[in-house]
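# With the sequence up front, the predicted model follows.
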Amino acid sequence: MHIAIVGNIGAGKTTLAHKLAHHFRWEVFLEDVDDNPYLKDFYHDMPRWAFHLQVYFLNGRFRQTQQIKELQKAGRGIIQDRTIYEDAHIFAANLHESGLLETRDFNNYYALFESMISLVEPPDLLLYLRADLSKLINQIEKRGRDYENSISIEYLKNLNEHYEKWIAGYNHGRHLIVDVSELDYVKNPEHLGVIIDKINGTLFGLF
Ligand SMILES: Nc1ncnc2c1ncn2[C@@H]1O[C@H](COP(=O)(O)OP(=O)(O)O)[C@@H](O)[C@H]1O
Ligand SMILES: Nc1ncnc2c1ncn2[C@H]1C[C@H](O)[C@@H](COP(=O)(O)O)O1
């Protein structure tokens, strides 16, 4: 079983991934953020580093999908924090549309993505954490990564719009949308229970 958690920056993916992995006793696959050699520079100068960052994320995410495939073959359960789909359909697409990633670079990147995607198996369940802008801003501040101070409301808003468009057309399998704007599964175990019930209902026909 493979559940992938998707959602905007600060939506609560990593926090939920840990909680679900603990609950189901499954393996958790996180993003490479702290060791990412481009992320800090990208936030200082997006046009300069957008292409480098996208190729870095794409490669990391692709390698992760191959590791997940192997673990699944071995019968292990997996919770994945963010997917390769989001890199291309949300982040790269948004950078291109915002004029921060040149068309020739986007086309080059997208051709690479298309070559890879045929080897990627979609998750058994894709869980989209929808969050309003105030929730995202609040949680990005709470997390306190200094280089994320420069993230603008406009950037988050554009990403949210891309997420909504993308999830409406998602056709790779089962998916669930959970609005986490009013949920606090850090402090409130009942809120976590609501999400777990929805997952059990969708995956195992329980509840
Ligand atoms: N539903 C929630 N309610 C309250 N705080 C949350 C919630 N989800 C995450 N947080 C907090 O918000 C911050 C960002 O969460 P994180 O899981 O890192 O988001 P993401 O991985 O989506 O970027 C963390 O400090 C986390 O403890
Ligand atoms: N593909 C990406 N392009 C640009 N930025 C990205 C991409 N994937 C992740 N990020 C950024 C957003 C955050 O600053 C960090 C970690 O993501 P998070 O949603 O906080 O887990 O990386």
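Thanks, I have it. Numbering: from 1, shown residues only. Ligands and ions are numbered 1, 2, ... in the order given.
# going forward, measure contacts between C-alpha atoms and count neighbours the same way
OK.
# List the contacts of the residue nearest to Asp179 when sequence neighbours are not counted.
The spatially closest residue to Asp179, leaving aside those adjacent along the chain, is Arg130, at 4.6 Å (C-alpha to C-alpha, 6 or more residues apart in numbering). Listed by C-alpha atoms under 8 Å, 6 or more residues apart in numbering, the contact set of Arg130 reads Gly7, Asn8, Ala11, Ile177, Val178, Asp179, Val180, Ser181.
# The fourth one and Glu102, how far apart?
As judged by C-alpha to C-alpha, to the nearest Å, Ile177 and Glu102 stand 32 Å apart.
# And the last one, by the same measure?
Taking C-alpha to C-alpha as the criterion, Ser181 is separated from Glu102 by 34 Å.
# next one: the fifth one
According to C-alpha to C-alpha, Val178 stands 34 Å off from Glu102.
# where along the chain do the helices fall?
13-24, 39-44, 46-73, 84-86, 93-97, 103-117, 133-143, 153-168, 189-204 (DSSP state H).
# still on that earlier bit, quick check: the residue nearest to Asp179 vs Ile167, distance?
For Arg130, the distance to Ile167 - C-alpha to C-alpha - is 10 Å.
# likewise His96?
Using C-alpha to C-alpha, His96 is found at 19 Å from Ile167.
# who has more neighbours, these two?
Ranked by neighbour count (other C-alpha atoms under 10 Å), His96 and Ile167 place His96 first, with 19 against 15.
# so the more buried one touches Thr103, yeah?
Yes: between His96 and Thr103 there is a contact under C-alpha atoms under 8 Å: 6.7 Å.
# and the closest residue to Ser150 other than its chain neighbours, what does it touch?
Using C-alpha to C-alpha, 6+ apart and skipping residues adjacent in sequence, the residue nearest Ser150 is Tyr43, 6.6 Å away. Contact analysis of Tyr43 by C-alpha under 8 Å, 6+ apart lists Tyr147, Glu148, Ser150, Ile151.
# quick one: contacts for the closest residue in space to Arg25 that isn't next to it in sequence?
Residue nearest to Arg25 in three dimensions, not counting chain neighbours: Gly77, with 7.8 Å by C-alpha to C-alpha, 6+ apart. If a contact means C-alpha under 8 Å, 6+ apart, then Gly77 has Met1, His2, Arg25, Trp26, Glu27, Leu71 as its contacts.
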